[in-house]
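Peer 1: take a look and give me a structure for this.
(one chain, ligands or ions: 1)
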Amino acid sequence: MKADAPLLFLDSGIGGLSILGPTRALLPNAPVVYCADNAAFPYGTRSEAEIAARVPALLGRLVERFRPRLAVIACNTASTIALDHVRAALDVPVVGTVPAIKPAGERSKSRVIGVLGTEATVRQPYVDRLAEKFAADCKVVRHGSARLVELAERRLSGDQVDKAEVVAAAQPLFDLAREIDTVVLSCTHFPLLADWLEEAHPNVDFIDGGEGIARRIAYLTKGQSWPDTASQGVAVFTAPPPEGIRPALARFGLTDIKPL
Ligand code: DGL
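Peer 2: Okay, the predicted model is just below:
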């Protein structure tokens, strides 16, 4: 494995930064290519067929161009729909991002868990299977919100975003069951709003998969060689990037912005 072979991250937008952040904390010298498929943003309102066709094809192009050592689908929507298709199509290891229902099942005291994702993610059989396997004795309620995705995207792009609007967009989940004590943030955009959600619901434990995925990436690349110093990451956009996104990307080490 060449030391400069990057880790490749893919999301529809900037949500995957919530996976890149903990990964950089564990592997600071890892070269990174982060692709935001903003030409197709948002994924969460698209059909299964669209996602299942688009994501493997796009990842195939990215793998050919950047020759990564490993690809990370930093998106719950794409992972719960297309992970198997992607693994079948690519010849590099692929790490997916699926709702962290396992730790939620371990931690919940009330045994009522909320799954907050995109509309596409919350209807996936993949989520049914996770709930059956890891939270069989829990009531698992779900809410999908395209609005929260949009608000996260705007917040990171430096727009004025109203905290109350974020809290209101998540409220339908809490209206489904008052006893929710654990919420699985099942869209990678949502950890970017977690501070506001936690402030509004101080007794609720908000869980996301970012750190677990970072550990998985570190495990799968253990023993491989890396550059001696931290390298600057590349951000690739499939359409012109949102205005004002540069400072947020730079905070995650992504200073070189390129079209695909
Ligand atoms: N960040 C993505 C996810 O984890 C997708 C958001 C969207 O494009 O709808 O599901």
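Peer 1: only C-alpha atoms from now on, for both contacts and neighbour counts.
Peer 2: Fine.
Peer 1: list the buried residues of stretch 34-42.
Peer 2: Going by neighbour count (16 or more other CA atoms under 10 Å), the buried part of stretch 34-42 is 34-38, 41-42.
Peer 1: tell me which parts of the stretch 151-260 of the chain are close to the ligand?
Peer 2: 187-189 (CA under 6 Å from any ligand atom).
Peer 1: and with 8 Å instead?
Peer 2: Within the stretch 151-260 of the chain, the positions near the ligand by CA under 8 Å from any ligand atom are 186-190.
Peer 1: check the buried residues of stretch 34-42 one by one and keep those near the ligand.
Peer 2: Among the buried residues of stretch 34-42, the residues lying close to the ligand (CA under 8 Å from any ligand atom) are 41-42.
Peer 1: out of the buried residues of stretch 34-42, which one sits closest to residue 216?
Peer 2: residue 34 (17.7 Å; CA to CA).
Peer 1: just the buried members of the residues of the stretch 151-260 of the chain next to the ligand?
Peer 2: Once neighbours are counted (16+ other CA under 10 Å), the buried part of these comes down to 186-190.
Peer 1: residues touching whichever strand or helix holds residue 106, excluding its own?
Peer 2: Assigning secondary structure by DSSP states H and E places residue 106 in helix 101-107. Contact partners of helix 101-107, identified using CA atoms under 8 Å, 6 or more residues apart in numbering, comprise 111, 113, 130-131, 134-135, 138, 182-184, 207.
Peer 1: how about the secondary structure of the residue of the stretch 101-250 of the chain found nearest the ligand?
Peer 2: Using CA to the nearest ligand atom, the single residue of the stretch 101-250 of the chain nearest to the ligand is residue 187, 3.3 Å away. Per DSSP: H, G, I helix; E, B strand; the rest coil, the secondary structure class of residue 187 is coil.
Peer 1: offset the numbering so it begins at 27, please.
Peer 2: New numbering, starting at 27: the last item is residue 213.
Peer 1: which non-adjacent residue is nearest it?
Peer 2: residue 143 (4.8 Å; CA to CA, 6 or more residues apart in numbering).
Peer 1: pLDDT value on the one you found, please?
Peer 2: On the pLDDT scale, residue 143 is placed at 98.
Peer 1: right, and it touches residue 212 too?
Peer 2: Yes: counting by CA atoms under 8 Å, residue 143 touches residue 212, with 4.4 Å between them.
Peer 1: next, show the common contact partners of the two.
Peer 2: residue 102.
Peer 1: quick one: the helices in the stretch 77-226 of the chain, in order.
Peer 2: For the stretch 77-226 of the chain, the helices defined by DSSP state H, counting those that start in this stretch occupy 102-115, 127-133, 145-148, 151-160, 172-182, 189-202, 220-226.
Peer 1: what comes into contact with the fifth one?
Peer 2: Contact with helix 172-182 is made by 39-41, 68, 70-71, 144-145, 186-187, 192, 195-196, 213, 215-216, 218-219, 271, 274, as judged by CA under 8 Å, 6+ apart.
Peer 1: 6 Å instead?
Peer 2: For helix 172-182, contacts defined as CA atoms under 6 Å, 6 or more residues apart in numbering pick out 144, 187, 215.
Peer 1: now swap in stretch 184-203 and tell me
Peer 2: 169, 181, 270.
Peer 1: how close does residue 179 get to residue 271?
Peer 2: Distance from residue 179 to residue 271, counting by CA to CA, to the nearest Å: 9 Å.
Peer 1: who has more neighbours, these two?
Peer 2: Counted by other CA atoms under 10 Å, residue 179 and residue 271 do not tie: residue 179 has more neighbours, with 22 against 17.
Peer 1: and that one, what's its pLDDT?
Peer 2: 97.
Peer 1: what's the answer for residue 256, then?
Peer 2: On the pLDDT scale, residue 256 gets 88.
Peer 1: please apply the same query to residue 27.
Peer 2: According to the model, residue 27 scores 84 on pLDDT.
Peer 1: burial of it, as a residue count?
Peer 2: 11.
Peer 1: same question for the one 5 residues further on.
Peer 2: Applying other CA under 10 Å, we find 22 other residues in the vicinity of residue 32.
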